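Novice: Prediction below, plus the sequence it came from.
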Amino acid sequence: GAVVSQHPSRVICKSGTSVKIECRSLDFQATTMFWYRQFPKKSLMLMATSNEGSKATYEQGVEKDKFLINHASLTLSTLTVTSAHPEDSSFYICSARGSGAFPYEQYFGPGTRLTVT
Amino acid sequence: ELKVEQNPLFLSMQEGKNYTIYCNYSTTSDRLYWYRQDPGKSLESLFVLLSNGAVKQEGRLMASLDTKARLSTLHITAAVHDLSATYFCAVDISTNKLIFGTGTLLAVQP
């Protein structure tokens, strides 16, 4: 149980375009979802926290107008990178937390590698 | 500012040897996590440590938590090549956010 999927796994887009990444909890209801980005050979950096039905909370230094997060249901959160630039190229990982027996556990998706040309 | 530091950042060890990775953090927390990441992959959960003195073991890996010292350790016993990966600790702060450590790249040599 506790499976989180991400789509797409890999995407290449041109500068100036927008790209949407989906994060789904497949077998549980995710009350909270988290979005991280990871640069090569670096650690994970938390970008934002989203709760179903409410606005996301962004970490300091993360542009909310550039990284749009929507958590419309208990099983789906989306991250849209708007007007992408090459410096947005990164590995984006989502995680989901439910309210069941292990509410403190975060389940991680497989990640999405974004390359902006 | 919350800091989560791991030591060492890179570890090259021979098969069959033992070693310990350290995770120090700078704020109060009662929950600490260890994850494994293979190249190009996402995170695999290894351990969740929920209280002071917690010790968990799985195969050749054992993790412990000392909340008073703000220190967690990941001990590797008789390393094998399959353990080669990057290991992260992560601290759960009061708002249920995870702050990740710097990571330790482990390379087990035959």
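Specialist: That came in fine, so what should we check first? Residues are numbered from 1 along each chain as shown, chains lettered A, B, ... in the order given.

Novice: Run through the residues that contact the closest residue in space to residue A:30 that isn't next to it in sequence.
Specialist: Leaving aside its chain neighbours, residue A:30 sits nearest to residue A:96 (3.6 Å; criterion: Cβ to Cβ, 6 or more residues apart in numbering or on different chains). (Glycine included, C-beta is placed from N, CA and C.) For residue A:96, the contacting residues are A:4, A:23, A:25, A:28, A:30, A:32, A:33, A:34, A:77, A:106, A:107, A:109, by Cβ atoms under 8 Å, 6 or more residues apart in numbering or on different chains.

Novice: ok, which pair from those residues is furthest apart?
Specialist: With distances taken as Cβ to Cβ, the most widely separated pair in the contacts of residue A:96 is A:28 and A:34, at 14.9 Å.

Novice: Show me which of those two is the more surrounded one.
Specialist: residue A:34 (25 against 18; other Cβ atoms under 10 Å in any protein chain shown).

Novice: Shouldn't the more buried one be within a strand?
Specialist: Yes - assessed with DSSP: H, G, I helix; E, B strand; the rest coil, residue A:34 lies in a strand.

Novice: Give me the pLDDT value at residue 12.
Specialist: Since no chain was named, I'll use chain A. According to the model's per-residue confidence, residue A:12 sits at a pLDDT of 97.

Novice: that answer is for a different chain, and I need it for chain B
Specialist: Looking at residue B:12, its pLDDT is 95.

Novice: what's the answer for residue B:35, then?
Specialist: 97.

Novice: close enough to count as contact, residue B:15 and residue B:77?
Specialist: No - contact between residue B:15 and residue B:77 fails when scored by Cβ atoms under 8 Å: they sit 11.8 Å apart.

Novice: Contact partners for the closest residue to residue B:4 other than its chain neighbours?
Specialist: The shortest distance from residue B:4 to any residue that is not its chain neighbour, by Cβ to Cβ, 6+ apart, is 4.2 Å, and that residue is residue B:101. When contacts are counted by Cβ under 8 Å, 6+ apart, residue B:101 is found next to A:43, B:4, B:5, B:6, B:23, B:25, B:88, B:89, B:90, B:91.

Novice: So which residues on chain A come close to chain B?
Specialist: By Cβ under 8 Å from any Cβ of the partner chain, the part of chain A that sits against chain B consists of A:32, A:34, A:41-46, A:49, A:93, A:95, A:97, A:102, A:104-111, A:113.

Novice: Which ones among these map onto strands?
Specialist: Judged by DSSP state E, the residues of chain A next to chain B include A:32, A:34, A:44, A:45, A:46, A:49, A:93, A:95, A:97, A:107, A:108, A:113 as members of strands.

Novice: For residue 110, which non-adjacent residue is spatially closest?
Specialist: Using chain A. The shortest distance from residue A:110 to any non-neighbouring residue, by Cβ to Cβ, 6+ apart, is to residue B:42 (4.7 Å).

Novice: You answered for a different chain; I wanted chain B.
Specialist: residue B:15 (5.6 Å).

Novice: Determine how far stretch A:41-57 lies from the middle of the whole chain.
Specialist: Computed by Cα atoms, centre = their mean, to the nearest Å, the separation of stretch A:41-57 from the middle of its chain amounts to 7 Å.

Novice: Can you pull out the residues in contact with that stretch?
Specialist: Outside stretch A:41-57, the residues within contact range by Cβ under 8 Å, 6+ apart are A:30-38, A:58-59, A:62, A:64, A:67, A:69-74, A:77, A:79, A:93, B:43, B:88, B:90, B:95, B:97-103, B:105.

Novice: Buried by neighbour count: which residues of it qualify?
Specialist: Taking 16 or more other Cβ atoms under 10 Å in any protein chain shown as the basis for neighbour counts, the residues of stretch A:41-57 that come out buried are A:43, A:44, A:45, A:46, A:47, A:48, A:49, A:50, A:51, A:52, A:56.
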